[in-house]
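>>> The following block contains a protein sequence and its predicted model.
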Amino acid sequence: MLRKPIAIICLLTIVSFATASYAAPIVNGTTIGVDFGPTAATNNFNVTGSGSNSGSIATGTLIDTSGVTVDVVGFEWTKPGGWSNNDSTGSTDLSGQPAIFNDSNLTDWIGENSSAGNLKLTFTGLDDDATYNLVIGSGFIANGTNVDTIWFVDGQSKETQHDDGALAYVYFNGLSTDGAGNLVIDSAPGAGNTSNITVVSALGLTAVIIPEPSTIILAALGLTGVCFRRPR
């Protein structure tokens, strides 16, 4: 007489296991964009605003490129001697910009004089079990001032050449966090940079691998065996 209710309870429990929310702040393929400087973006990029101080975008307020709020993840930038500005003249015609960027991402920037400390960007609250792709762009038109910037992320390093078309963008693939949910992006002046100023216009971070929650699957399979074991 009790078999049917028990079967129903087991089925509901299995469904709850299977549909349980895995502890991942962003799902596979989600992209978070950050637009540096005071000009509002037109493509669901999070904007840092103007000012010369370090700052952050609080956890729970970041949106992805589809406009959906991303829980858990936050973003911080550190520029102790830095500045931000508009640089719209000529900065929207850089060839080779990635598809996730548009011209509104390239009309302004933030920068750091390296003598005051390196410009550092940090995502917090990321899933340590995922890997990430990152693109960084610099639309700064320097009128003779070289602000080429080397970026360091998870043991990789690449250089943006600020006013050189497609070379104004760098791509990092397969990045991992530091094990505490942080992805730290550091910078330094490039080889030809005589101004000691590092500059960034925008970046996009994409989650590319979210592992299957194997423990949940195994638990559900084990429960299935218990629920559907033939009575003796």
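In hand now; what should we look at?
>>> Strands of this structure, residue ranges please.
Using DSSP state E, the strands found in the chain span residues 31-35, 46-47, 55-57, 74-78, 83-86, 108-113, 120-124, 131-137, 149-153, 156-160, 169-175, 183-189, 197-200, 202-209.
>>> Tell me which residues touch the residue minimising distance to the centre of the chain, please.
When the chain is reduced to its mean C-alpha position, the closest residue under Cα atoms, centre = their mean turns out to be Leu205, at 3.1 Å. Neighbour list for Leu205: 31-34, 123, 132-134, 183 [criterion: Cβ atoms under 8 Å, 6 or more residues apart in numbering]. Every residue, glycine included, has its C-beta placed from N, CA and C.
>>> shaky segments in the chain?
Low-confidence regions of the chain, defined by pLDDT under 70, span residues 1-25, 51-52, 80-84, 86-94, 142-143, 164, 210-232.
>>> Which strand residues bridge the residue nearest to Pro98 when sequence neighbours are not counted?
Taking Cβ to Cβ, 6 or more residues apart in numbering as the measure, Pro98 lies nearest to Val135, with 5.1 Å between them; neighbours along the chain are not counted. Residues in a beta bridge with Val135, per DSSP bridges, are Tyr171, Gly204.
>>> Any chance of the strands of the chain in TSV with distance to Ile63 as columns?
Output for these, formatted as TSV (distance: least, Cβ to Cβ, whole Å):
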stretch	distance to Ile63
strand 31-35	8
strand 46-47	6
strand 55-57	10
strand 74-78	11
strand 83-86	21
strand 108-113	19
strand 120-124	14
strand 131-137	17
strand 149-153	22
strand 156-160	25
strand 169-175	21
strand 183-189	18
strand 197-200	19
strand 202-209	13
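>>> ok, now how distant is Asp35 from Asn105?
Applying Cβ to Cβ, to the nearest Å, the value for Asp35 to Asn105 is 5 Å.
>>> what do those two both touch?
Common contact partners of Asp35 and Asn105 (Cβ under 8 Å, 6+ apart): 41, 45, 201-202.
>>> ranking those residues by neighbours, who comes first?
Going through the shared contacts of Asp35 and Asn105 with other Cβ atoms under 10 Å as the criterion, the one with the most neighbours is Ala202, at 32 neighbours.
>>> Does it touch Phe140 like I think?
No: between Ala202 and Phe140 there is no contact under Cβ atoms under 8 Å: 11.3 Å.
>>> hmm, back to that, just say which of the strands of the chain is most tucked in.
strand 197-200 (a mean of 28; mean count of other Cβ atoms under 10 Å).
>>> From the contact counts, what lies against it?
Secondary structure elements in contact with strand 197-200, counted by 3 or more Cβ pairs under 8 Å, 6 or more residues apart in numbering; DSSP states H and E, are strand 108-113, strand 149-153, strand 183-189.
>>> what are the pairing partners of it, and which direction each?
Strand 197-200 has these strand partners (DSSP bridges): strand 108-113 (antiparallel).
>>> CA atoms of the partner strand as PDB?
Included here for strand 108-113 are C-alpha records, laid out as PDB according to Å, rounded to 0.1, in the frame of the first residue of the first chain:
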ATOM      1  CA  ASP A 108      36.800  56.800 -23.100                       C
ATOM      2  CA  TRP A 109      39.200  55.000 -20.800                       C
ATOM      3  CA  ILE A 110      40.900  54.900 -17.500                       C
ATOM      4  CA  GLY A 111      44.600  55.100 -17.000                       C
ATOM      5  CA  GLU A 112      47.400  54.800 -14.500                       C
ATOM      6  CA  ASN A 113      50.800  56.300 -14.100                       C
END
